[in-house]
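Asks: Just a sequence and a predicted model for now, questions to come.
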Amino acid sequence: MTVEGNLFAASSFEKVRLPPQQAEPLPHWAYTSAGWYEREVERIFRKGWNYVGHVSQVPKPGDFFTLDVAGIPLIVVRGQDEKVRAFFNSCRHRGSKLLWGEGNCKLIRCPYHAWAYNLTGGLVATPLVDEDMEGIKSELSLHAPRLDIVDGFLFVAFENTLPAASKALGSLQREWAGYEPANLVCTRRKSWDVKANWKLWYENYNDSLHVPFVHPGSLAKQKVKSRQRASHVETDGIYIAHFTVHAGSRGLLEEDQDKAFPRFPKLSGRYTEGTYYPCLLPSTLFGFTVDSAWAFELHPKGPDRTTLVAASFFSKDAVARPDFAEKAEYYYRRVDSIVPEDNEAVERQQEGLCLPVGLSGKFTHMETLCHAFDNWVLDQMVDA
Ligand code: FES
Ligand SMILES: [Fe+2]
């Protein structure tokens, strides 16, 4: 089958729609085509809630960070009133980008003609042209996307009609309550440029079959006793999830288990016995283990490019310990050994998917959540 004309036709995906063990993965063009990617930006990233970080990334008034969500430049900043806000990173004069990276500022000053905004987005200075601006400055505040804060996590959306992020998360707030996410501190964010489509990383995170082959000397050394999986249909929110039962902390490599921080004190039930991996749709992969947590943020940059950010989280109590920095290094070591292994795997897959014609693939019983994710993507992308 050639791609032309079939890119979004429901008939092209009938086999992806079959039950998991008879189904095929998404066709190759869903990972390689610019046209497909453009529709993802429009229908997935600009239509729903996007995870953008955690309040602990801006602890003090004036602290800010910038990012782009599928091409839209944003600023997240904490005001003098302690409130965290998001703005489009675009000057109301003639559109220059205002801030880069992260830092602390008293005012947001445009580098082009020096217009300045306060931390609530109000335009407060327009040097040399004040007389032109008389009486109209108040109409030129920074524009803002929607920002919802749920248990310390930050979500933005560009659609006014979407229900609140807390509603979209469904039962997830109950599931992660024992980890006390509002008390977590993001202590490190490390990024990698990955030459692969963002969906390959999402699928890889939910594919337990690759672990012994891609991570033989790292992750696979820690034995998993059992796994539970729940698709987005089985959870009642915008996430799929798996849970692994194992001894120790999944935040550390097997040989570093003696370096663990004390466990989260409020965990109960299965959460004391393993690691919970809720994967937000579209592109945020959490892991909550017994003593720490992480988020792999997938920032798509094109059909075959993704910036992966690995954010590490610990409790405020752990961060206050005198030996925090020394112990945290062991947790970072685990991230830094496993992520490149996964990056290499998905980059090889991306290269292998660059085909002129469709070839049908196969899912196994260990990849049912990849199937669930592919079907969620189709629900957004293909009209019935
Ligand atoms: S574009 Fe920002 S001050 Fe002119
Ligand atoms: Fe992996």
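Replies: Yep, it's here. Ligands and ions are numbered 1, 2, ... in the order given.

Asks: From now on I want contacts and neighbour counts done on CA atoms only, so please keep to that.
Replies: OK.

Asks: partners of Ala230 in the sheet?
Replies: With DSSP bridges applied, Ala230 shows beta-bridge pairing to Ala241.

Asks: thought it was touching His242?
Replies: Yes: the pair formed by Ala230 and His242 meets the contact definition of Cα atoms under 8 Å, at 6.1 Å.

Asks: Show me which residues of the protein are close to ligand 1?
Replies: Proximity of the chain to ligand 1 (Cα under 6 Å from any ligand atom) is limited to residues Cys91, His93, Arg94, Gly95, Ser96, Cys110, Tyr112, His113, Ala114, Trp115.

Asks: Repeat the analysis, applying 8 Å as the threshold.
Replies: When proximity is defined as Cα under 8 Å from any ligand atom, the chain approaches ligand 1 at 90-98, 109-116, 126.

Asks: Which members of these are classed as buried?
Replies: Buried members of these, scored by 16 or more other Cα atoms under 10 Å, are Ser90, Cys91, Arg92, Lys97, Leu98, Arg109, Cys110, Ala114, Trp115, Ala116, Thr126.

Asks: Those residues in strands, which ones?
Replies: Per DSSP state E, strands hold the following members of these: Arg109, Ala116.

Asks: okay if I get the buried ones among the residues of the chain next to ligand 1 as TSV plus pLDDT?
Replies: Formatted as TSV, those follow (pLDDT from 0 to 100):
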residue	pLDDT
Ser90	98
Cys91	98
Arg92	98
Lys97	98
Leu98	98
Arg109	98
Cys110	98
Ala114	98
Trp115	98
Ala116	98
Thr126	97
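
Asks: any chance of the buried ones among the residues of the chain next to ligand 1 in JSON lines, with distance to Ala345 too?
Replies: Shown next, in JSON lines, are those (distance: Cα to Cα, whole Å):
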{"residue": "Ser90", "distance to Ala345": "37"}
{"residue": "Cys91", "distance to Ala345": "40"}
{"residue": "Arg92", "distance to Ala345": "43"}
{"residue": "Lys97", "distance to Ala345": "35"}
{"residue": "Leu98", "distance to Ala345": "37"}
{"residue": "Arg109", "distance to Ala345": "43"}
{"residue": "Cys110", "distance to Ala345": "41"}
{"residue": "Ala114", "distance to Ala345": "46"}
{"residue": "Trp115", "distance to Ala345": "46"}
{"residue": "Ala116", "distance to Ala345": "46"}
{"residue": "Thr126", "distance to Ala345": "51"}
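
Asks: Closest to Leu353 out of the buried ones among the residues of the chain next to ligand 1?
Replies: Taking Cα to Cα as the measure, Leu353 lies nearest Lys97 of those, at 35.6 Å.

Asks: now the closest one: how far from Gly79?
Replies: Distance, Lys97 to Gly79, by Cα to Cα, to the nearest Å: 19 Å.

Asks: hey, which helix is longest across the chain?
Replies: helix 324-352 (DSSP state H).

Asks: could you say what helices and strands that one packs with?
Replies: Applying 3 or more Cα pairs under 8 Å, 6 or more residues apart in numbering; DSSP states H and E, we find helix 324-352 packed against helix 198-205, helix 211-214.

Asks: Can you name the residues bridging to the closest residue to Tyr239 other than its chain neighbours?
Replies: In space, and not counting its chain neighbours, Tyr239 is closest to Leu280: 4.3 Å by Cα to Cα, 6 or more residues apart in numbering. Note on Leu280: beta-bridge partners by DSSP bridges are Tyr239, Thr284.

Asks: Could you do Asp193 as well?
Replies: The partner list for Asp193 in beta bridges (DSSP bridges) reads Thr307.

Asks: give me the number of residues near it?
Replies: Neighbour count of Asp193, defined by other Cα atoms under 10 Å: 13.

Asks: And Pro265, by the same measure?
Replies: The number of residues packed near Pro265 is 12, by other Cα under 10 Å.

Asks: isn't there a helix covering it?
Replies: No: membership of Pro265 in a helix is not supported by DSSP: H, G, I helix; E, B strand; the rest coil, which gives coil.

Asks: pLDDT score for it?
Replies: If you check Pro265, the pLDDT there is 98.

Asks: Ok, Leu359 next?
Replies: As predicted, Leu359 sits at a pLDDT of 75.

Asks: Can you say which helix or strand has it in it?
Replies: Assigned by DSSP states H and E, Leu359 falls within no helix or strand.

Asks: check contacts around it.
Replies: Pro27, His28 (Cα atoms under 8 Å, 6 or more residues apart in numbering).

Asks: Please report the distance of the closest residue in space to His28 that isn't next to it in sequence from ligand 1.
Replies: Distances taken as Cα to Cα, 6+ apart put Leu353 closest to His28, at 5.3 Å, once the chain neighbours are dropped. Separation of Leu353 from ligand 1 (Cα to the nearest ligand atom, to the nearest Å): 42 Å.

Asks: count of neighbours near Leu353?
Replies: Neighbours of Leu353 under the rule other Cα under 10 Å: 18.

Asks: Let me have the helices and strands packed on helix 324-352 in JSON lines, adding mean pLDDT, mean neighbour count and distance to Val335 as columns.
Replies: Compiled in JSON lines, the helices and strands packed on helix 324-352 are given as follows (pLDDT from 0 to 100; neighbours: other Cα atoms under 10 Å; distance: least, Cα to Cα, whole Å):
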{"stretch": "helix 198-205", "mean pLDDT": "98", "mean neighbour count": "22", "distance to Val335": "13"}
{"stretch": "helix 211-214", "mean pLDDT": "96", "mean neighbour count": "14", "distance to Val335": "14"}
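
Asks: Save the ones you listed as a markdown table, and put in distance to Phe261 too.
Replies: Output for those, formatted as a markdown table (distance: least, Cα to Cα, whole Å):
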| stretch | distance to Phe261 |
| --- | --- |
| helix 198-205 | 25 |
| helix 211-214 | 25 |
